[in-house]
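In: Provided below for reference: sequence and predicted model.
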Amino acid sequence: MPEFKSDPFLLRRRSNSEKIVDKGFKSLVILMASMVAILLFGIFLVVFGGSIESIGRYGLAFLVTSEWNPVTDKYGAFTAIYGTLLTSILSLFIAVPLGVGTAIFITEDVIPAKLRFLIGGMVELLAAIPSVVLGLWAIFVMEPFIRPFLIYLNNSFSWIPFFSTQPVGPGMAPAILILVVMILPIITAISRDSLNQVPKKLREAAYGVGATRWASITNVILPAAISGIAGGVLLSLGRAMGETMAVTMIIGNSNNFNWSILSPGNTIAAMLANQFGEADGSQVSSLMFAALILMLLTLLVNIFAQWMVKKLSLKY
């Protein structure tokens, strides 16, 4: 075709060595992607195989009973499931406004660029702190600091089941706050990247029609970046559900069910970390069953995240 004659690159035929390299690269990429899927499937098979005994013994009753007694060989994971969902969701409610607000603050021209860079770096440094260090900080600094406020909540709102117990130290409320600290860098970083990808022309167009900074952020910038922000939020939810060490150190590790967030509680990850090393017999199968439930919960969160991102991308 005459329109291609001026471009010698389009007329050049690939050599045999280039074809071999292309095929090799394609095979390597397929192999690496398959290894991830095989690894995930292998982990699922191991966990499912180890939980078959408990599944056959308890069935769905395992999900709705809270007794966990190795002496009588009776197990139920409702307390751990409740603690996992409650701490994760409540921490998300606190971390999302903080994370998205911080991302907006450091991406818009509110303060000089050097200060924005400094604040962004400080937030991201939180992700580099080991969880065991955060757990120690929560025990010795955070929990004593917030205890008067928790006591006030109990004294003022004890008629509400969520505040019905007297705080005595470790509990679900400190675990929620330490999860906020741990997922805040994820939400902030992903939200910042999503906001930075919004074309500047959209901002300029909004200001050009007379929109205020607040109106341009809420009506133009956030809708344009909402799919990425939603993906980051749901990713942090999965992170919160699987967090182990810091939560184990501060949540109290109690298998006695209580609706109150001021009482000691448990999560699936914390229960596995505490008991798996010394478990034997049917307790191992029950712990495997709990691990299978945690895997399924995180899988559902990831599926919902993909669906949500796709819907928001189509809408905006």
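Out: Received the coordinates, thanks.

In: the longest helix along the chain packs against which elements?
Out: Secondary structure assigned by DSSP state H gives helix 16-58 as the longest helix of the chain. Applying 3 or more CB pairs under 8 Å, 6 or more residues apart in numbering; DSSP states H and E, one finds that helix 16-58 contacts helix 282-315. (Each C-beta comes from the backbone N, C-alpha and C, glycine too.)

In: avg pLDDT for the helix it packs on?
Out: On average, the pLDDT along helix 282-315 is 83.

In: show me what counts as buried in that helix.
Out: Residues of helix 282-315 classed as buried by neighbour count (16 or more other CB atoms under 10 Å): 282-295, 297, 301, 305, 308-309, 312.

In: same for that helix, what does it pack against?
Out: On a contact count with 3+ CB pairs under 8 Å, 6+ apart, helix 282-315 meets helix 16-58, helix 61-64, strand 74-75, helix 78-107, helix 222-242, helix 268-275.

In: got the angle between the last one and helix 222-242?
Out: Using axes from the mean of the first three to the mean of the last three CA atoms, to 10 degrees, the interaxial angle of helix 268-275 with respect to helix 222-242 works out to 20 degrees.

In: C-alpha coordinates for helix 268-275, CSV please?
Out: Extracted in CSV, the C-alpha atoms of helix 268-275 (Å, rounded to 0.1, in the frame of the first residue of the first chain):
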residue,chain,number,x,y,z
ILE,A,268,-9.7,-14.8,62.9
ALA,A,269,-6.1,-13.8,62.1
ALA,A,270,-5.4,-13.1,65.8
MET,A,271,-6.9,-16.5,66.8
LEU,A,272,-4.8,-18.3,64.2
ALA,A,273,-1.6,-16.6,65.4
ASN,A,274,-2.3,-17.3,69.1
GLN,A,275,-3.4,-20.9,68.9
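
In: who touches it?
Out: Outside helix 268-275, the residues within contact range by CB atoms under 8 Å, 6 or more residues apart in numbering are 68, 77, 80-81, 83-84, 241-245, 247-248, 251, 253, 255, 283, 287, 290-291, 293-294.
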